[in-house]
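A.B. asks: can you look at this prediction? I've put the sequence above it.
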Amino acid sequence: MAPPMAMHTEPDQNRLSPGRPATRSPDGRSTPARTTNAEVLVTAPSMLWLLLLFCVPTVIVFAITFKPADMFGGIGPGWTLQTLRSLFNPNYPAIIWRTIWISFVATAICLALSVPMAYYLARVAPRWRQVLLLLTIVPFWTSFLIRIFAWKALLHPEGFLKQALVFLHLVRPDASLLYNAEAVLLVSVYTYLPFAILPIYAAAEKFDFGLMEAALDLGATRVKAFFNVFLPGIQRGLLNAFLMVFIPSLGSYVIPDVVGGPNAEMIGNKIAQRVFVDRNLPHASGLAALLTVAVLLPMLLLIIHQTRAEKQPPTMQEVA
Amino acid sequence: MGEFLEFDNVSKSFGTVRAVDTVSLRIKRGEFFSLLGPSGCGKTTLLRMLGGFEKPDCGRIYLDGTDITDLPPNRRQVNTIFQNYALFPHLSVWENIAFGLRVARRPRHQIQDEVARMLTLIRMEEHAHKRPHHISGGQKQRVAIARALINKPSVLLLDEPLAALDLKLRQHMLLELDIIHDQVGITFLYVTHDQGEAMSLSDRIAVMHNGKVEQLGTPGEIYEAPRSSFVAAFIGDTNFFEGTVREIVNQEYSRLAIDGFPDVVVFNDKNMRCGDAVYFSVRPEKFRISRERRALDDKHNVIAATVEDIIYLGSHTKYWVRAGAYRLAISRQHVRFLLDEQPIRWNDAVWIWWHADDGYMLERYSEADEHLMQVPPAAVGENSNGTTHGDAH
């Protein structure tokens, strides 16, 4: 039972907080929260990893934004605000707006599809649950790129899906299913759906369905019980799923590149163009930095809000 | 019909297990009614069918003259207190209590008044803004009660509501439940496996076993006159004897032959014939024990025994004595100084006696329950020390 289940715990970020058990001595008495040598040793590798491969590169990306570009695709000497100014290119707001709305709508659709799925997974007999969870992660066994190209083949004017829809009179023969924002949205939802299902399922599995009975008992309809009790009960899973889908989707590059075309570019495509076509690293860095800020800022606010919410109950007692 | 709440030949199976087997019960308005039985006896299933969480395979359930068998839980005038309380963790105490009124879209000022009244009833005013995981088990229990009562149910269902509490708190909450029942005056249907809880709270008890109602009666009736060996063993301590009817003395008394005993006289509350094999039981506190043989009338049974064990329990002392093939439990109020005799010690030869009216014949039981008879009295006695609440009634 355990091995396939291990998958879904991965996105559950609140489980990753380290250190708690180590602050208890073997006889069960809790010692003052002090970092022990063993703890430092255990955390050091991952801290080092984060520092070298995440923090340092991020700082470098931010720094390059303020360097001039040289003619050979490299970085020139000195510092400049030239790149920062060029970010106010009138083309960018439209692309940034498209990036945000595609990501947001894709995330919303993923969550909307995942919640009933997770509810069902948590209620279904364990035997079937294993099968369905396996089916959820089966797509990962095929290369991401191959799956995106498969979509291209399906949506292509001569493709199976297009032909089938025309045959069923659901689309006009001259309608284009490919190279538009809707295609990007569709493939994004397809790609990120498992990343929404798994954390929401992890939360739903821990949800006490007795609470639903309690809500019905108190006069709530099934719909009311679902919205007033179930959804609040899995809110951590919803939040994790939101982050797991929204953030990668903001940085999408392959999906809009393959099925989107020039009319459905996202900011990831622009960054790639600055690097590979214009060979302008500072400009690419500037866009990347912009995206990073756009992602980190809401997360930072969220974390601040959460820690404040966790400290809330005692203060409310004092008020009461 | 005519009764307030009625189960009419209700059955429910899960797979091949018959959880509830043609149960019929009539419960009066305002009654504190308990379903008592070991786990798996069907009591919780019966409760869940009344709550609307299970649908009976056959039979009907009537509440106040209306057939509610097919109504969903949210359309029944009953509310449940769940074993684990099932308080909504994302809502405060206040919001938990207000839940029922909020989903019913009652006006805001009415919700505020009602919740305030409930908070006063359960004495939790100062905890109104806490989340459930910040309050104690007993407080959660009280919130669960308030949350259920605020909907003004016709019947309050309580599913082992005290099982998760420690002993002291349980005793305290028993008292609270009793007080709340008196205050609100609605019908309580209480499910428990704890005979002490059922005895001390209930107006009437239905003892359940294997999906059937084994006996229905007041706590006193069930304790003093158990109908079957199952009830006798489940409610309080008891001693079982096996014998045959030797003689029907008169309308009231029979004479039984028991291996290794002189014949004993028992009250004739069952329809017996000469030669029938019967069980009969005598509660430990019905015995008298002494080192001297008493001259007694013909309604007393006097038997010689040897003391094997003495357990001092504070309020009373428990003696284990050997009499013939039987090891009997006898409990007696602990009196330190008796005028006429020495204290009883281990291995003393003693006389034990009881009045014929204190021994009860029990229905011969089905084979499935043979194990009850196999259990030596010692083991039966130990399952419920200090639970002789029946005395109080």
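C.D. replies: Yep, it's here.
A.B. asks: for chain B, what is the nearest residue in the stretch 51-200 of chain A?
C.D. replies: residue A:125 (13.2 Å; C-beta to the nearest C-beta). For glycine as for every other residue, the C-beta is placed from the backbone atoms N, C-alpha and C.
A.B. asks: chain center to the host helix or strand of residue A:109: distance?
C.D. replies: Counting by DSSP states H and E, the element that carries residue A:109 is helix A:92-123. Mean-position distance between helix A:92-123 and its chain equals 9 Å (C-alpha atoms, centre = their mean, to the nearest Å).
A.B. asks: from the contact counts, what lies against the next helix or strand after it?
C.D. replies: Next helix or strand after helix A:92-123 toward the C-terminus (DSSP H and E): helix A:126-137. Packing partners of helix A:126-137 (3 or more C-beta pairs under 8 Å, 6 or more residues apart in numbering or on different chains; DSSP states H and E): helix A:2-9, helix A:92-123, helix A:181-206.
A.B. asks: which one of those lies nearest to residue B:212?
C.D. replies: Among the helices and strands packed on helix A:126-137, the nearest to residue B:212 by C-beta to C-beta is helix A:92-123 (31.5 Å).
A.B. asks: buried set for that closest one?
C.D. replies: A:92, A:95-96, A:98-100, A:102-103, A:105-107, A:109-111, A:114-115, A:117-119, A:121-122 (16 or more other C-beta atoms under 10 Å in any protein chain shown).
A.B. asks: so where's chain A shaky on pLDDT?
C.D. replies: A:1-35, A:310-320 (pLDDT under 70).
A.B. asks: do a quick rundown of the strands in it.
C.D. replies: Remark: strands of chain A are absent; assignment by DSSP state E.
A.B. asks: one step back: could you report the neighbour count for the residue of the stretch 51-200 of chain A closest to chain B?
C.D. replies: Other residues near residue A:125 come to 7 when the count uses other C-beta atoms under 10 Å in any protein chain shown.
A.B. asks: again with residue A:146
C.D. replies: Residue A:146: 8 neighbours (other C-beta under 10 Å).
A.B. asks: please tell me how far it sits from residue B:356.
C.D. replies: Residue A:146 is 91 Å from residue B:356, where distance means C-beta to C-beta, to the nearest Å.
A.B. asks: contact residues of the stretch 101-250 of chain A facing chain B?
C.D. replies: A:208, A:210-211, A:213-221, A:224, A:228-229, A:232-233, A:235 (C-beta under 8 Å from any C-beta of the partner chain).
A.B. asks: redo that, cut-off 10 Å
C.D. replies: Neighbours of chain B within the stretch 101-250 of chain A, by C-beta under 10 Å from any C-beta of the partner chain: A:207-222, A:224-225, A:228-229, A:231-233, A:235.
A.B. asks: who are the contact partners of the residue of the stretch 51-200 of chain A closest to chain B?
C.D. replies: Contacts for residue A:125 (C-beta atoms under 10 Å, 6 or more residues apart in numbering or on different chains) come out as none.
A.B. asks: and it, its phi and psi?
C.D. replies: phi -60, psi 140 (degrees, to the nearest 10).
A.B. asks: shouldn't residue B:325 be in contact with residue B:243?
C.D. replies: No: Residue B:325 lies out of contact with residue B:243 (C-beta atoms under 10 Å); the separation is 11.3 Å.
A.B. asks: identify the contacts common to these two.
C.D. replies: With C-beta under 10 Å, 6+ apart, residue B:325 and residue B:243 have common neighbours B:258-259, B:261.
A.B. asks: pick out the residue in the stretch 151-300 of chain B sitting closest to chain A.
C.D. replies: Closest point on the stretch 151-300 of chain B to chain A, by C-beta to the nearest C-beta, is residue B:151, at 6.2 Å.
A.B. asks: how about the residues of the stretch 101-250 of chain B near chain A?
C.D. replies: So far as C-beta under 10 Å from any C-beta goes, the stretch 101-250 of chain B lies against chain A at B:101-104, B:125-131, B:133-134, B:144, B:147-148, B:150-151, B:153, B:157.
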